[in-house]
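Enquirer: Everything below, folded, please.
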Amino acid sequence: MTPALPRPRSARYRSAHDDETVTAWALAARDGDPAAIERFVRATRNDVWRYVAHLSGDPQAADDLAQDTYLRALRSLPRFEGRSSARTWLLSIARRTVADRFRFAAARPRLVNTDDWQGAAERAQDCGTPGFDEGVALAELLTALPAERRDAFVLTSILGLAYEDAAEVAGCPIGTVRSRVYRARTTLIKMLADAERQPLVGCAA
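Expert: Take a look at the predicted model:
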């Protein structure tokens, strides 16, 4: 069975904690509340892990990248003023963290990574939950998208950011995000239709 494309998620759907609450925790953490720091990290760590795994294409590196993201975020908290949501601010830091990792590795030969998107999908979703197989299949299809379109699709349709927040994270105009998401969905729909027409291998006639 091939997966249906996810609809853009609302803030309520993607998390038990809305952006206003998460931002309030970040501001309290900035002011020195240790309990708020723990709540902020707990509420955002799944989104951060999924995003860095997607950007890096390396699920094995995602733990280190997520940890580095939070270290940078905690150092930057004194300068966080809440002008954007804390989730958007944090994902922007995650994006820079991955970009810095790529720049650091650029001068060295890159090792071939034998993992695929299934590892990322398994970490992001309990294999006992409904839709797990479909989630793995969708993650595999995402690898065929150009990086910028995949980034926009993941931010809006999987992580649930509004288009304006996704534009802030990606550092591009909102119209560009809308175009990338539209093109990504068009490509994915075509790939899903093609997959449905593929004969099942190994099935008895």
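
Enquirer: On the pLDDT front, check the closest residue to residue 80 other than its chain neighbours for me.
Expert: Closest residue to residue 80 apart from its sequence neighbours, by C-beta to C-beta, 6 or more residues apart in numbering: residue 30 at 5.5 Å. To be clear about C-beta, it is placed using only N, CA and C from the backbone, and glycine gets the same treatment. Residue 30 is assigned 93 on the pLDDT scale.

Enquirer: Secondary structure element holding residue 168?
Expert: Using DSSP states H and E, residue 168 falls within helix 163-170.

Enquirer: for that helix, which positions count as buried?
Expert: Neighbour-count burial for helix 163-170, counted by 16 or more other C-beta atoms under 10 Å, picks out 163, 165-170.

Enquirer: by contact count, what packs against that helix?
Expert: Packing partners of helix 163-170 (3 or more C-beta pairs under 8 Å, 6 or more residues apart in numbering; DSSP states H and E): helix 86-105, helix 147-153, helix 174-197.

Enquirer: report the angle between the axes of the longest one and helix 163-170?
Expert: Which is helix 174-197. Put simply, helix 174-197 runs at 100 degrees to helix 163-170, going by axes from the mean of the first three to the mean of the last three C-alpha atoms, to 10 degrees.

Enquirer: Show me what helix 174-197 is packed up against.
Expert: By 3+ C-beta pairs under 8 Å, 6+ apart, helix 174-197 packs against helix 132-142, helix 147-153, helix 163-170.

Enquirer: List the buried residues of it.
Expert: 176-177, 180-181, 183-185, 187-188, 191-192.
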